[in-house]
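>>> Curious how this folds, go ahead:
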Amino acid sequence: MELLCMENAPKIQRAFPDPKLLSDHRVLQNLLHVEDRYIPRTSYFKCVQKEIEPYMRKMVAFWMLEVCEEQKCEEEVFLLAMNYLDRFLSSVPTRKCHLQLLGAVCMFLASKLKETIPLTAEKLCIYTDNSIIPEDLLDWEIIVLGKLKWDLSAITPNDFIEHILGKLAIPVDKLELIKKHTQTFIAMCATDFNFAMYPPSMIATGSIAAAINGLDIQGGSLSEESLTELLAKITCTELDCLKACQEQIEVTLAESLKLSQQQLEQTMSSKTVHESDQISTPTDMFHLQYLRLPDSFYGTSAF
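Numbers count the residues shown, from 1 in each chain. Alright, predicted model coming up:
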């Protein structure tokens, strides 16, 4: 029997999608049934928080996204962490100097749930420029767990992607590209509080529709209108609500691309033509935006 060389194998093994679960319609129905349990009930900036402003949430969200990206975390880690953050802020008044600490704690918990090798407290403290210490993070971990009632298995938009794409007549060779763009749009939505109270299924469906339309890939012979109607039917979403969500995603994407383009133009002099030519898709542009955080962000002094 020939021995397989494992020297170049990835250190962390990722789970493959389970075709049995994806083909069972009861799984999708269960996701739709329980997703509302994990949505913030109120706009906490108006009712709960006195010091924290929406732009502060956006800053910490981009920082969390950058940490998850640099650590090559599972896609679900960032989304779960943002869910924990929103649920905590919707019930607990928090000082702005504690916001980055809260974000670190939420990533700490999400990585424990989803990662084979979770993020360590020490590493997360380094990402805050050592503005917090591991003891603070561990103390806040208990606080956050208590406020979330230890219910960490939240439903996120990524949970719906495979189920929805499996019901669309999309060429197999285009699935990964659509999935990549969809995940990028979902991450973009997670950084924007305007989407915080949308059901995860609606964000997933709107992101898939925006990805397919943006890539000019129609679901088989379906028109754009027919595709939206089919997506609404799959996730039991009202058509008008889905259209509104998709339009908001596309508007947010356009604003993100505009900002990214401005940042690109400002730094063009330090880039080669080859490097700038590589940034050509919405996914690339969005990644450019969140990877260019101001240096002053690191540490709680940014708040």
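
>>> pLDDT weak spots in the stretch 1-150 of the chain?
Applying pLDDT under 70 to the stretch 1-150 of the chain flags residues 1-13.

>>> repeat that with 90
Scanning the stretch 1-150 of the chain for pLDDT under 90 picks out 1-25, 27-28, 35-52, 71-75, 92, 115-117, 119, 130-132.

>>> now what about the one helix or strand residue 141 maps to, what contacts it?
Assigned by DSSP states H and E, residue 141 falls within helix 134-147. With C-beta atoms under 8 Å, 6 or more residues apart in numbering as the test, helix 134-147 has contacts from 84, 87-88, 91-92, 98, 101-102, 104-106, 108-109, 121-122, 124-125, 152. Bear in mind the C-beta positions are built from the backbone N, C-alpha and C, glycine included.

>>> right, and the helix or strand after that helix?
helix 158-165.

>>> now that next one, how far from the chain's geometric center?
Offset of helix 158-165 from its chain centre (C-alpha atoms, centre = their mean, to the nearest Å): 14 Å.

>>> ok so, going back, report the buried members of the contacts of helix 134-147.
For the contacts of helix 134-147, a neighbour count by 16 or more other C-beta atoms under 10 Å gives the buried set as 84, 87-88, 98, 101-102, 104-106, 108-109, 121, 124-125, 152.

>>> Which ones among the residues you listed map onto helices?
84, 87-88, 101-102, 104-106, 108-109, 121, 124-125 (DSSP state H).

>>> Mind checking what secondary structure residue 72 has?
Going by DSSP: H, G, I helix; E, B strand; the rest coil, the secondary structure assigned to residue 72 is coil.

>>> Phi first, then psi, for it.
For residue 72, the backbone dihedrals (degrees, to the nearest 10) come out as phi 60, psi 50.

>>> what helix or strand is the residue nearest to the spatial centre of the chain on?
When C-alpha atoms, centre = their mean is applied to the chain, the residue found nearest the centroid is residue 187 (3.0 Å). Residue 187 is part of helix 172-191, with elements assigned from DSSP H and E.

>>> what helices or strands is whichever helix or strand comes after that helix leaning on?
Downstream of helix 172-191, the first helix or strand assigned by DSSP H and E is helix 200-214. Counting contacts by 3 or more C-beta pairs under 8 Å, 6 or more residues apart in numbering; DSSP states H and E, helix 200-214 packs against helix 158-165, helix 172-191, helix 224-234, helix 239-266.

>>> what about those, which gets the closest to residue 61?
Closest to residue 61 of the helices and strands packed on helix 200-214 is helix 172-191 (C-beta to C-beta; 4.0 Å).

>>> Which elements pack onto the closest one?
Looks like helix 172-191 contacts helix 54-70, helix 75-89, helix 158-165, helix 200-214, helix 239-266, helix 282-290 (3+ C-beta pairs under 8 Å, 6+ apart).
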